[in-house]
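Undergrad: pasting the sequence and the predicted coordinates here, then a few questions.
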Amino acid sequence: MSKLTDLPKRILIGRALRSDKLGETLLPKRLALPVFSSDPLSSVAYAPGEVLIVLSAAGITAYHFSPWIAVAVVVLMLTVVASYRQNVHAYPSGGGDYEVATTNLGRRAGLTVASALMVDYVMTVAVSIASGVENLGSAIPFVQQNKVLVALLMIVLLMVMNLRGVRESGTIFAIPTYAFVAGVYCMIIWGAIRLAGGHHMSAPSAHYTVHATNTGLAGFAMVFLLLRAFSSGCAALTGVEAISNGVPAFRKPKSKNAAATLLIMGVLAVTMFCGIIALALNTHVKMADNPGVNLLSNGKPVGGGYVQDPVIAQVAAAVFGKGSAPFVFLAAVTALVLFLAANTAYNGFPVLGSILAQDRYLPRQLHTRGDRLAFSNGIVLLAIFACVLVYIYGADSSRLIQLYIVGVFVSFTLSQTGMVRHWNRHLRTETDKAKRRHMMRSRAINTFGAFLTGLVLIVVLLTKFTHGAWVAVLGMCLFFAMMTAIRRHYDRVSDELAAPEDPTEETVMPSRVHTIVLVSKIHKPTMRALSYAKLFRSDSIEAVTTNVDPADTKSLQAEWERRGIDVPLKVLDSPYREITRPVIEYVRGLRRTSPRDVVSIVIPEYVVGHWYEHLLHNQSALRLKGRLLFTPGVMVTSVPWQLDSSEVARNRYKRGQGWTAPGSVRRGEIRPAARAGAAGKPSGGAPAGKGGTGTPGPGDKPGDGGTPVAGTRSDS
């Protein structure tokens, strides 16, 4: 079976990499920019539209506030970028906001940040993919008609690309990201040249009017509307924190390269955002929350069949001409980069999950690197969460974006607050004047960042909570509760398993050891198991079979006596033809009789080599072992017998030893028992569950070729 699954796996994600190749996967700045900044760069494709949609509630006259909102977003963006440049220098280990908050504000603050970031990463994938599908759907009707299916397929495709490794995915994403940036700048520059030359440019929606759903807004109501438009425009800041979480993926000097990448990203995002807003106003773009009803043509609604193209598509149509080569190019790279914007989350979520797993707040499997040295389990988990969210919300970016940015501003605020405490702590002990001046300047930046992002967080919660932000808050609470419970479980298990400092406190040795060999018929595996059990020199040893078929049981007893085997054979009655329950009840009976005794169960098992042989045997041995695991004082040992077909598997694994990835044995891709020797050669006992690959269990019927265990009849 592993051979069948291994080939597609290698085709999709490539050959496994050795652990010492990790350094070769580190990213230079030119690749780190598209890997970690595709989300904030691509958000300029939908953030301006969200601002105009919110303002449209007060009519077209409210559009003249959009430049001021853009200025506020730019100030916030530059503040956050400057603040995070301090973070990457102070905390280059990759913990990002989580490490800053945990170190300076405590465990609960750190978990709050981690919960917020995990929700935000899931939202980044969902919103980016949904927006990309909508942009692509404006040119391809099939995509618009099947946008949920297309969105799910894109999430899976991105998952596979990231499973191939960080560096390889960065190379794949670099070209479309840079093409998008170049296309947007060309549009802004050409649009500015045409405006300066007196050319009149009109967007496809320029001749429509907007029906104001809230007329005559003034005072507090107008302020609230502007704050809501500002909070929607703040979607342009999502993903900024990803660089601080991904510092370990940069080439040395890591902190310097990460800080430089942050600055480049901030400058690009700010200029593109302002340019698109400016062109949207000059080309008279009209956007509405419910375009079929609130966009009017000659005083009448345009109707439900109208498809509202994103702002960037309408501006490109006005600047280049709809259907022109530059327009098609920009539409294509915009859709592509929006799909790839989810890559920011695919790099941030697994790294954060690995750190949380190391701190025992998430399952430890998330800390393990996969075949391509990426955190594969975290990548797959993120894809599952995003698929569920996209399916529930129908891949509708307008509905999904209401859940957005709450988590990121929670992490912004707590991180910057933590950085202020960080500088305060270091200033108390630093005596060098130059260093103190640098620290005080950094503290001032982080203080202003904490104040501004905290203010924006309040605005976002007030303006978006009832519009869907409550779902994000609920998600954060669920993540927080889950991680707290996981940590409590790991702590409890650690305390329970801790070795005592005083050797006299160790567990009292058992009084006696009873060894039980489970048999079905007399053949080579049974004889080997009996011989192995005798080596234990137990206080007592007996063979046990279950009376599933009376005729077979009598035949076994007769053969046992004829051969004169010096181990007593005990037959367990099974009126309901069960294998597992009689054995479990018998073992528990022994334990009740002598609680201080230990019962050792020996199970002879077959080792097969072909995938189809696994399908021919039931897994009753595994069920029996699983039940015995919950019985105190019981030890289970598997004694493997390699069939001729196991030689095939042994040779296959032997050939593959040159590329075996770390952890392959633990994951079951290479089984020690499969290399124990050729078919039929003696092999020592192996602990339960490690005796052989795909070992069938007790209860196999004649001809199954399964494990020869109590009450079974199998031919070898």
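TA: Received it, and whenever you're ready, just let me know what you need.
Undergrad: could I get the pLDDT score of Glu134?
TA: In this model, Glu134 is scored at 77, pLDDT.
Undergrad: er, Ser531 actually
TA: For Ser531, the predicted pLDDT is 92.
Undergrad: count of neighbours near it?
TA: If you count neighbours by other CB atoms under 10 Å, Ser531 ends up with 12. For every residue, glycine as well, the C-beta is placed using N, CA and C.
Undergrad: next: Arg108.
TA: 12.
Undergrad: hang on, it in a strand?
TA: No. Going by DSSP: H, G, I helix; E, B strand; the rest coil, the assignment for Arg108 is helix, not a strand.
Undergrad: pLDDT value on it, please?
TA: 92.
Undergrad: contact partners for it?
TA: Contacts for Arg108 (CB atoms under 8 Å, 6 or more residues apart in numbering) come out as none.
Undergrad: relative to Ala174, how far out is it?
TA: The spacing between Arg108 and Ala174, counted by CB to CB, to the nearest Å, is 39 Å.
Undergrad: now Ala62. Nearest residue, chain neighbours left out?
TA: Leu55 (4.2 Å; CB to CB, 6 or more residues apart in numbering).
Undergrad: kindly report the same for Gly183.
TA: That would be Leu330: by CB to CB, 6+ apart, it lies 4.2 Å from Gly183.
Undergrad: quick check: that neighbour touching Ala316?
TA: Yes. The pair Leu330 / Ala316 is scored as a contact, 4.8 Å apart, by CB atoms under 8 Å.
Undergrad: can you check my assumption that Ile601 lies in a strand?
TA: Yes. The assignment for Ile601 is a strand, going by three-state DSSP.
Undergrad: before we move on, the earlier item: need the residues touching each of Leu330 and Ala316.
TA: Residues touching both Leu330 and Ala316 (CB under 8 Å, 6+ apart) are Met187.
Undergrad: still on that earlier bit, now do the contacts for the residue nearest to Gly183.
TA: Contacts of Leu330 (CB under 8 Å, 6+ apart): Phe180, Gly183, Val184, Met187, Ile312, Ala316, Phe320.
Undergrad: mind telling me what element the third one is part of?
TA: Right, the one you point to is Val184. helix 166-196 (DSSP states H and E).
Undergrad: could you dump the contacts of Leu330 to a markdown table with distance to Ala469 and neighbour count?
TA: Shown next, in a markdown table, are these (distance: CB to CB, whole Å; neighbours: other CB atoms under 10 Å):
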| residue | distance to Ala469 | neighbour count |
| --- | --- | --- |
| Phe180 | 28 | 29 |
| Gly183 | 32 | 22 |
| Val184 | 29 | 27 |
| Met187 | 32 | 23 |
| Ile312 | 25 | 27 |
| Ala316 | 31 | 30 |
| Phe320 | 37 | 23 |
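Undergrad: strands of this structure, start to end?
TA: Ranges of strands in the chain, per DSSP state E, are 209-210, 295-297, 300-301, 513-518, 540-547, 569-573, 598-607, 634-642, 686-687.
Undergrad: can you list the domain ranges for the chain.
TA: 26-89+122-396, 513-687 (automatic domain parsing).
Undergrad: tell me which of the ones you listed sits most buried.
TA: domain 26-89+122-396 (a mean of 21; mean count of other CB atoms under 10 Å).
Undergrad: first-to-last residue distance for that one?
TA: Length of domain 26-89+122-396, first residue to last, CA to CA, to the nearest Å: 35 Å.
Undergrad: what helices or strands is the helix holding Val184 leaning on?
TA: helix 29-42, helix 147-163, helix 254-282, helix 311-320, helix 325-341, helix 343-358 (3 or more CB pairs under 8 Å, 6 or more residues apart in numbering; DSSP states H and E).
Undergrad: what about the helices in the stretch 551-700 of the chain?
TA: 580-593, 611-615, 620-628, 646-655, 664-667 (DSSP state H, counting those that start in this stretch).
Undergrad: for the longest one, packing partners?
TA: Think helix 580-593. Using 3+ CB pairs under 8 Å, 6+ apart, helix 580-593 is in contact with strand 513-518, strand 540-547, strand 569-573, strand 598-607, helix 620-628.
Undergrad: backbone phi and psi for Thr283, please?
TA: When read as degrees, to the nearest 10, the backbone of Thr283 gives phi -100, psi 0.
Undergrad: go on, Ile405?
TA: Main-chain dihedrals, Ile405, degrees, to the nearest 10: phi 60, psi -10.
Undergrad: contacts only, for it.
TA: Asp120, Ser231, Cys234, Ala235, Leu237, Thr238, Val460, Lys464.
Undergrad: could you check how far it is from Asp396?
TA: Separation of Ile405 from Asp396 (CB to CB) stands at 17 Å.
Undergrad: and the contacts of Ile405 as CSV, adding pLDDT and distance to Val148?
TA: Output for the contacts of Ile405, formatted as CSV (pLDDT from 0 to 100; distance: CB to CB, whole Å):
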residue, pLDDT, distance to Val148
Asp120, 84, 22
Ser231, 79, 27
Cys234, 79, 27
Ala235, 74, 22
Leu237, 77, 28
Thr238, 73, 22
Val460, 80, 27
Lys464, 75, 24
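Undergrad: just the residues you listed: which are in helices?
TA: Mapping these onto helices (DSSP state H) picks out Asp120, Ser231, Val460, Lys464.
Undergrad: got TSV for the domains of the chain, with distance to Arg487 too?
TA: As requested, the domains of the chain are exported to TSV (distance: least, CB to CB, whole Å):
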stretch	distance to Arg487
domain 26-89+122-396	5
domain 513-687	23
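Undergrad: how about those, which one is nearest Arg437?
TA: domain 26-89+122-396 (14.1 Å; CB to CB).
Undergrad: any weak-confidence spans in the stretch 151-300 of the chain?
TA: Scanning the stretch 151-300 of the chain for pLDDT under 70 picks out 164-173, 213-220.
Undergrad: can you count the residues close to the nearest residue to Met118 once chain neighbours are set aside?
TA: Distance criterion CB to CB, 6+ apart; nearest residue to Met118, sequence neighbours excluded, is Phe479 at 5.3 Å. A count of neighbours around Phe479, defined by other CB under 10 Å, yields 23.
Undergrad: any stretches of the stretch 551-700 of the chain with poor pLDDT?
TA: For the stretch 551-700 of the chain (pLDDT under 70), the answer is 611-620, 649-650, 652-700.
Undergrad: what about stretch 87-105, how long is it end to end?
TA: Per CA to CA, stretch 87-105 runs 15 Å from first to last residue.
Undergrad: ok, residues contacting it?
TA: With CB under 8 Å, 6+ apart as the test, stretch 87-105 has contacts from 109-114, 117, 241, 243-249, 254-255, 258-259, 262, 351-352, 355-356, 411-412, 414-415, 417-419, 421-422, 425, 442.
Undergrad: give me the distance from that stretch to the chain's centre.
TA: Its chain's C-alpha centre and that of stretch 87-105 lie 21 Å apart, by CA atoms, centre = their mean, to the nearest Å.
Undergrad: could you pull out the buried residues of that stretch?
TA: 87-92, 94-105 (16 or more other CB atoms under 10 Å).
Undergrad: keep only those of the residues you listed that are in helices.
TA: Per DSSP H, those map to helices at 87-90, 96-105.
Undergrad: is it possible to get TSV of those residues that adds pLDDT and distance to Asp552?
TA: TSV is the format used below for those (pLDDT from 0 to 100; distance: CB to CB, whole Å):
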residue	pLDDT	distance to Asp552
Asn87	82	72
Val88	84	71
His89	81	75
Ala90	82	73
Gly96	75	65
Asp97	83	66
Tyr98	85	62
Glu99	85	64
Val100	88	69
Ala101	89	67
Thr102	90	63
Thr103	89	67
Asn104	91	71
Leu105	91	69
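Undergrad: among the helices and strands packed on helix 580-593, which is nearest Ile129?
TA: helix 620-628 (39.5 Å).
Undergrad: who does the closest one touch, helix- and strand-wise?
TA: Where contact means 3+ CB pairs under 8 Å, 6+ apart, helix 620-628 is packed against helix 580-593, strand 598-607, strand 634-642.
Undergrad: these: which one's closest to Asn343?
TA: Closest among these, using CB to CB: strand 598-607, at 42.9 Å.
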